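Q: the following comprises the amino acid sequence and a computationally predicted model.
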Amino acid sequence: MALLQRVFDMIRVERRIDAGHPEGDLLAATIIHLYKQGIREEAELLSVMRAEK
């Protein structure tokens with residue numbers, strides 16, 4: 001869980017998403033989905049999320 005939280009926090013700050021904003025829910029769901037699909041390394045999750053913008 002700490003891994004997912006770190007990725008979420010980094011991407012949220014980079015995208016300037018305010019805490020509690022609905023866009024944050026979508027961001028969290030996307031990160032969880034990627035993790036469930038087998039992307040388990042922090043660097044890889046960050047790379048995929050940064051490319052997604």
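A: All right, it came through fine.
Q: how far does the longest helix anywhere in the chain sit from the chain's center?
A: Secondary structure assigned by DSSP state H gives helix 22-36 as the longest helix of the chain. Between the centre of helix 22-36 and the centre of its host chain there is 6 Å, according to C-alpha atoms, centre = their mean, to the nearest Å.
Q: now that helix: average pLDDT?
A: Helix 22-36 shows a mean pLDDT of 97 in the predicted model.
Q: by contact count, what packs against that helix?
A: The contact analysis (3 or more C-beta pairs under 8 Å, 6 or more residues apart in numbering; DSSP states H and E) places helix 22-36 against helix 2-14, helix 42-52. C-beta coordinates here come from the backbone N, C-alpha and C atoms, glycine included.
Q: to Thr30, which of the ones you listed lies closest?
A: With C-beta to C-beta as the measure, helix 42-52 is the member of the helices and strands packed on helix 22-36 nearest Thr30 (7.2 Å).
Q: for the closest one, list the C-alpha coordinates in PDB.
A: The C-alpha trace of helix 42-52 is given here as PDB (Å, rounded to 0.1, in the frame of the first residue of the first chain):
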ATOM      1  CA  GLU A  42       7.500   2.100  -8.400                       C
ATOM      2  CA  ALA A  43       9.700   3.500 -11.200                       C
ATOM      3  CA  GLU A  44       7.600   1.600 -13.800                       C
ATOM      4  CA  LEU A  45       4.300   2.900 -12.300                       C
ATOM      5  CA  LEU A  46       5.600   6.400 -12.300                       C
ATOM      6  CA  SER A  47       6.800   6.100 -15.900                       C
ATOM      7  CA  VAL A  48       3.500   4.800 -17.100                       C
ATOM      8  CA  MET A  49       1.500   7.400 -15.200                       C
ATOM      9  CA  ARG A  50       3.800  10.200 -16.400                       C
ATOM     10  CA  ALA A  51       3.400   9.100 -20.000                       C
ATOM     11  CA  GLU A  52      -0.400   8.900 -19.600                       C
END
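Q: residue contacts, Ile11?
A: Ile11 makes contact with 27, 31, 46, 49-50, according to C-beta atoms under 8 Å, 6 or more residues apart in numbering.
Q: and if we set it to 6 Å?
A: Shown in contact with Ile11 (C-beta atoms under 6 Å, 6 or more residues apart in numbering): Met49.
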